[in-house]
Structure formats: C-alpha cells, structure tokens
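K.L.:
model the structure of this input:
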Amino acid sequence: MEELYGVWFLIGAALVFFMQCGFAMVETGFTRAKNAGNIIMKNLMDFCIGTVVFILIGFGLLLGEDVAGFLGKPGFDIITNYQNFDWSNFVFNLVFCATTATIVSGAMAERTKFISYCIYSAVISGLIYPIEAHWIWGGGWLAEWGFHDFAGSCAIHMVGGVSALIGAKILGPRIGKFDTDKNGKVTKVHAIPGHSLTLGALGCFILWFGWYGFNGAAATSLGQLGSIFVTTTIAPAVATFVCMIFTWLKYGKPDVSMCLNASLAGLVGITAGCDVLDAGGAVIVGVVSGLLVVFGVWLLDHKLHIDDPVGAVAVHMMNGIWGTLAVGLLATTSVPGNDSFSGLFYGGGLDLLIKQFTGVVTVAAWTAVTITITFLVIKATIGLRASKEEEIIGLDATEHNLPSSYADFMPSAASVSEIKTQGAQAGVDTSGVVPVSEAVPVSIQTKATSDGSPKLTKLSIICKPEKLEALQAALNAIDVRGITITNVMGYGTQKGQKKYYRGVESDDVQLLPKVKAEVVVSAVPVEKVVNTVKRALYTGNIGDGKIFIFDVENVVKVRTGEVGFDALQGEDDIK
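P.N.:
Residues are numbered from 1 along each chain as shown. Below is the predicted model of the structure:
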C-alpha cells in the first residue's frame, strides 16, 4: 500500500506540472494576442528557471535540516549523494514552487521586461517560497505550532497573490487602462478584453483537472483521498454557480471570464482545508469565493486602481487568505484522517483560528518585504517595465522578434486601431508607413453634367446584414439595378449594445456588424427609393439603419466613356 501511494504521489506531481499549461492558457487568453508568445515563454521559464534555483538552494531551504525553525540548511545532496536522495519529494515540491512564481506573471502581464521577469521569478523560487514553505511544511515554527495548510492556500496562492499585488502596483497599469485628469486622479476605468476566452476556458479546465493532484497527492488513505476529491469538486462548482448568479443580477448577463475566475477562486479557497472540511464546509467556502473574486476584481479596478489583467490578486491572494482562515472556522473531525482539531463553528474555539490568522499575517509580511525589495532593486538597476513603444507594439515583436504568435492570421482592424490610439495617447509614433494617398498621388478631374440632364443622387444605406436580401429585392422591384455592397462595422448614437467585461462597462469597442449598400439614381425619384428602403428595413427596433443622401457631381462609365445620366443606364434603356 505504501508503494501504491508513492506512485500516486508522483502522479499528483505530474498533474501539478500540467497545471503550468493551464496557467499559460488562462493568462494568454485573458490578455491580447500581441503578447501571447511572451506569456508562453514566461510560463515555460517559470519552471525551467525554478528548477535550476531549486537545485542550487531552494530545496535545501525548504526541506533541509531545520535551523531555528526559520529555514532549512542548504545542501547539495542531489549532486553529492544522489543514491540516497529523496527524489519524489524534490519533484513534488519543485512543481509547487513553480506554481507560486507563475501566479505573479498574470498580474504583471503585457508590460514587464522579460529579463526582469526572469530575475524576480528566480528570487521567488529560490528564496521567498522555500523559506515560508519551510515554516509550514518543512518542520518550521508554524508547523510545530499547529498551523494547517494542507496543499497551499497560504504557502503558494497567497504568496503568489501578494507578490502579484505589489508587482502590479510598482509596475503601474497598462497604457489605456485608466483615464486620469490633470492631477493624476483616475476618472474612468477601461475594459481591455483578452483575445481568446476559448484559451482562457481551456486553461481553467486544465487547472481544475490538475487540482485533483494539487490537493490530493499528499493523501495517506483511500478515504482521505476520496474526501479531498469531493471537497475539491464542490467548492469551485459552487463558487462558479454563485458568481454566475451574482454577475447576471448585477450586470444583466452572466460574465464568462469572471465565472472562469470564480472556478479558480473556489479551488484556491478549498486548498488549505480540503482534508479537514466536509461537504458543508466546501459549500460555504465556494459561496464566499464566488462573491469574493468579483469583489476583488472591482476593488482593484475601481478603488485601488491597480491593473491586474487576469484577476490573479482576486483569485489567489484574496481567496488564499480566505481559504486559510476557513480552516480555523470550518475544520471538523468528521472527515477521514482528522481526529485532532476542529474549527470555531464545530466547537473548536478560537485556538485554531488564531493560529491560522497568525500564519497568514507572518507569511504575507515575509513575502511583502522580500518581494518589494526585489522589485525596487530591479526597477532601480535594469528596469522593471517595458518602454511605451514596446508595450504598444507588443512584447512578442519587441522582446522575442515574433511578428505574431498566430502566423497565419493578420492583425484585426480593431487591433491596429488600438495600437494607433494608444500610441497617440502615449505620445509614440506608431504609423510606420506613408499613407497610400501620399505614396500614390491621385489626380481627380470631373467633367460637369450637361445642362438639362437629370440630377444624379447617391444613397448610402446602412442596415443589418440579415436585411440585405430584402433590400436588394425591394430596390430591384423599382428598377434600381446597380448596387455596391460593403460589410462594415459601426454603431449609432446608442453606441451599440452595452457590454461588461469583468465588471467594467466596455464602451471603447462597441462595433456592430452592418452592411453598407450604395446606389446612384437618376431616372428613379429619390423619394421613391427612400420610401422603398424604409419599408424593406423597418422593424421598429433600434438598429434598423440609416439612409444618407448625397448629390453626385458626375459619373463616368469606364467601358464606353458615357457620362452623367447616360452612364447609369443599361443598353436596353439607352436604345
């Protein structure tokens, strides 16, 4: 049986490693396409850099011989005494260490220098995480005192979330996230939607799947493992359900990206107590997590004005704190493997809650001090933030020489427009090329219409795409034979449909698909055309369309050279 659980322990480690893919997909999907390659590279290097520093110092600080309850004694047994080395524990703790570092990258995404990221990732993996994890899991003072964090709500998620909060604050927001007045006060918060919710959802499902290893790998009995799987399922499911209902009521529609965050928030919340909470406790954790993640995103955007593109602080820091404290409230001896302590709500008094609170405060303080020093040293030496030009163009191109992470796809018109708008706001020239009108001069000469010829009028009709067929049939019925159709994007005075992204009203990109039909008439009266179009398009709802009417100076038929009225007639009409 011991060997069986040893195999499961390593399978759990492999599942936790696979979570790196989940973090990469969530972060990539929740950010813009111009930074996708940079984010993938960071998530790859989290683990690779983490492995190097964990070999050199991290593993020893975490699980080496205890020194005064504060840290483990560094050593190189993996090199000097490999035949007797604890291989399984090394791999297991390494994948957890990499998770801590990768949490930070999401909150600082899209504007951090790659070299700076590599440095602070190494510091987290080699120093910050191993020492506080030694306090909790390596025989340190918190472990001896009775603090309980089974799988890392505090040791991993809160530490990553605190680092993310401080990093995002020191780094500053992305260009275009906040509008400020002349005194620097934030006057408006802008939504910056990620480029692929599909990737974000894929990452969420991968993380949920991997979390069964994250929480369950250290189980020591089949009953305990089954109970952990139950609580690890209930908490995120309830959190997501609660978040869906709340955002539906608050914003009018259920928020997809917020619900994905809520799933992760529920997983973070249950991680500390997954082995000592029952189903009822998991439900309570899920309810609070589902609301807390929405509050956290709102708090950072609207009150603290800290730009966190993926919600890392709300998910990991806030729910890491909540999950750790929840052990002191909801732990029960009714679950398999726990016969030693209970939380406040199960008759255990305040003792455990005080221990949990003390652990949260001390670990957070250690993390805040060390990561702040790290960020400030990096900022003062090589710099922490990418330049405005690099941020606007995208870190794929400027940091990794990637024109695009999606080589078969051209940038959308919206993304090109965004780059130019942000460049103008930041005082950066992003034009790149000479406009076509200047590069290829065009001389237009128009011959006046002969006296007495019918007036030429152009009608530009904007309508819904589904109305195009009816419009064509109506125009054909009144002998308007020539028509030019263009697919366009736009909105009217109502500014399109009101939308929310992660609780922020998105009013910057409200382009709706439309069709523009252009006709030039002479023999058919304009009023007749207008009335016909109105009948064809009218539904009485907002967005039926508009008709713009212009005088036309002249028209030339290229094939025959005919001008004016004659140029608009077919062969039979001229005869």
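K.L.:
leaving out the residues flanking it, which one is nearest to Met25?
P.N.:
Closest residue to Met25 apart from its sequence neighbours, by C-beta to C-beta, 6 or more residues apart in numbering: Gly203 at 3.0 Å. Heads up, the C-betas are built off the backbone N, CA and C, glycines and all.
K.L.:
how about Pro465?
P.N.:
Val515 is the one closest to Pro465 (C-beta to C-beta, 6+ apart), at 5.0 Å.
K.L.:
which strand or helix spans that neighbour?
P.N.:
In the assignment (DSSP states H and E), Val515 maps to strand 512-521.
K.L.:
next one: Phe548
P.N.:
Using DSSP H and E, Phe548 sits in strand 546-551.
K.L.:
show me where the protein dips below the pLDDT cut-off.
P.N.:
Along the chain, the model assigns pLDDT under 70 to residues 1, 408-453, 492-511, 570-575.
K.L.:
how about the strands in it?
P.N.:
Ranges of strands within the chain are 66-67, 71-72, 178-180, 186-189, 457-463, 484-490, 499-501, 504-506, 512-521, 546-551, based on DSSP state E.
K.L.:
by contact count, what packs against the fourth one?
P.N.:
Read it as strand 186-189. Judged by 3 or more C-beta pairs under 8 Å, 6 or more residues apart in numbering; DSSP states H and E, the packing partners of strand 186-189 are strand 178-180.
K.L.:
circling back: residues contacting the strand holding Phe548, please?
P.N.:
Contact with strand 546-551 is made by 455-462, 492, 526, 530, 533-534, as judged by C-beta atoms under 8 Å, 6 or more residues apart in numbering.
K.L.:
may I see the ChimeraX selection of the buried members of the residues you listed?
P.N.:
Buried residues within the contacts of strand 546-551, by 16 or more other C-beta atoms under 10 Å, are selected in ChimeraX with:
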select :456,457,459,461,462,533
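K.L.:
can I get the contacts of strand 546-551 in TSV with distance to Pro173?
P.N.:
Output for these, formatted as TSV (distance: C-beta to C-beta, whole Å):
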residue	distance to Pro173
Lys455	55
Leu456	53
Thr457	50
Lys458	46
Leu459	46
Ser460	40
Ile461	42
Ile462	36
Gly492	31
Val526	51
Val530	48
Val533	46
Lys534	47
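K.L.:
which two among the contacts of strand 546-551 are spaced furthest apart?
P.N.:
Distance extremes for the contacts of strand 546-551: the farthest pair is Lys455 and Gly492 at 28.5 Å, using C-beta to C-beta.
K.L.:
got a list of what the nearest residue to Tyr346 once chain neighbours are set aside touches?
P.N.:
In space, Tyr346 comes closest to Thr332 once its chain neighbours are excluded; the distance is 4.6 Å by C-beta to C-beta, 6+ apart. Counting by C-beta under 8 Å, 6+ apart, Thr332 makes contact with Val276, Leu277, Asp278, Gly281, Asn338, Ser342, Gly343, Tyr346.
K.L.:
so which of those wins on neighbours?
P.N.:
Using other C-beta atoms under 10 Å as the neighbour criterion, Leu277 leads the contacts of Thr332 with 33 neighbours.
K.L.:
for that one, give me its contacts.
P.N.:
Counted by C-beta under 8 Å, 6+ apart, Leu277 has contacts Thr231, Ile270, Val285, Ala326, Val327, Leu330, Ala331, Thr332, Val335.
K.L.:
hmm, 6 Å instead?
P.N.:
Shown in contact with Leu277 (C-beta atoms under 6 Å, 6 or more residues apart in numbering): Thr231, Leu330.
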